[in-house]
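Enquirer: Here is a sequence together with a model predicted from it:
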Amino acid sequence: MRPETLKDILTSQFDAAAEGNEILIPEAKRVTLLLIAGDTLMPVVRVKSVRFAENYMAVTTDEQRYFVDADSLFGVRHEDFDAGSKDSRPGFNRS
């Protein structure tokens, strides 16, 4: 994922504030970044900020800081997202 795409997702979907090369995620939002690690995905949970440098990005969580290649970013997960009714069987729509 390109850094511009991540910045767009975080600012439009998570109300994050962009300050120069850093994106600050609001305290009330729970964001997980999914990184490619070999042939599996590694979740980085409770992301608080992302700072972009020329050759890497620094991802800060509640407890740790990761320095990763931007090319290893696969996706973003919104942990508090409510997709609606849990019963998705046909005919069981509760509108």
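Expert: That came in fine, so what should we check first?
Enquirer: Let me see the contact set for the residue nearest the centre of the chain.
Expert: Of all residues in the chain, the one closest to the mean position by CA atoms, centre = their mean is Val76, 3.5 Å from it. Going by CB atoms under 8 Å, 6 or more residues apart in numbering, Val76 touches Leu6, Ile9, Leu10, Gln13, Val31, Thr32, Leu33, Leu34. The way it works is simple: take the backbone N, C-alpha and C, and place the C-beta from them, glycine included.
Enquirer: In those residues, find the pair that's most separated.
Expert: Gln13 and Leu34 (14.8 Å; CB to CB).
Enquirer: Between these two, which is the more surrounded one?
Expert: Leu34 (16 against 13; other CB atoms under 10 Å).
Enquirer: ok now the host helix or strand of that one, how far from the chain's centre?
Expert: According to DSSP states H and E, Leu34 maps onto strand 31-37. With CA atoms, centre = their mean, to the nearest Å as the basis, strand 31-37 stands 7 Å off its chain's centre.
Enquirer: From the contact counts, what lies against that strand?
Expert: strand 40-44, strand 47-52, strand 73-78 (3 or more CB pairs under 8 Å, 6 or more residues apart in numbering; DSSP states H and E).
Enquirer: what residues does stretch 65-72 touch?
Expert: Taking CB under 8 Å, 6+ apart as the rule, stretch 65-72 contacts 1-3, 6, 35-37, 44, 52, 55-60.
Enquirer: How about exporting it as CSV, limited to the C-alpha atoms?
Expert: Written as CSV, here are the backbone C-alpha positions of stretch 65-72 (Å, rounded to 0.1, in the frame of the first residue of the first chain):
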residue,chain,number,x,y,z
ARG,A,65,7.4,1.5,18.1
TYR,A,66,7.9,-0.4,14.8
PHE,A,67,10.1,0.7,11.9
VAL,A,68,8.9,-0.9,8.7
ASP,A,69,9.2,-0.7,5.0
ALA,A,70,6.1,1.0,3.5
ASP,A,71,5.9,-1.8,0.9
SER,A,72,5.2,-4.3,3.7
